[in-house]
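Colleague: Structure of the sequence below:
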Amino acid sequence: MFKALADEGRRRLLDALRERNGQSLQELCELLPDLTRQGVTKHLRILEDANLVVTVKRGRHKLHYLNPVPINEIAERWLSNYERDKLRALSALKAALEEDR
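Modeller: Residues are numbered from 1 along each chain as shown. As a prediction, this is how the structure comes out:
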């Protein structure tokens, strides 16, 4: 799963599905215009293999859905061992600093 999350394009796909679940390949291709349809399909296959995306066939189309369970399991296992409040504060600081750029 970490390998699947390592790629920025795949993280963008997951973010898009988090915002609006049930998107088609065509809709997801619009998010990554620098990639071919086959490239986006490859990214989706990697996400499916990592159990982060579930695909449901509707007629001739496939709709892609985010499966947040594996990410939540990692968060519970790893982040619960650390101080979440401090991590949230650092994350907020990082985001604020990046916005100012």
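Colleague: Show me the beta-bridge partners of residue 61.
Modeller: residue 58 (DSSP bridges).
Colleague: right, and it touches residue 27 too?
Modeller: No - counting by C-beta atoms under 8 Å, residue 27 is not a contact partner of residue 61; they are 10.2 Å apart. For every residue, glycine as well, the C-beta is placed using N, CA and C.
Colleague: Phi first, then psi, for residue 22.
Modeller: phi 80, psi 40 (degrees, to the nearest 10).
Colleague: Could you check how far it is from residue 8?
Modeller: For residue 22, the distance to residue 8 equals 23 Å [C-beta to C-beta, to the nearest Å].
Colleague: ditto for residue 14
Modeller: Distance from residue 14 to residue 8, counting by C-beta to C-beta: 11 Å.
Colleague: more crowded one of these two?
Modeller: Between residue 14 and residue 8, residue 14 has the larger neighbour count (other C-beta atoms under 10 Å), namely 21 against 9.
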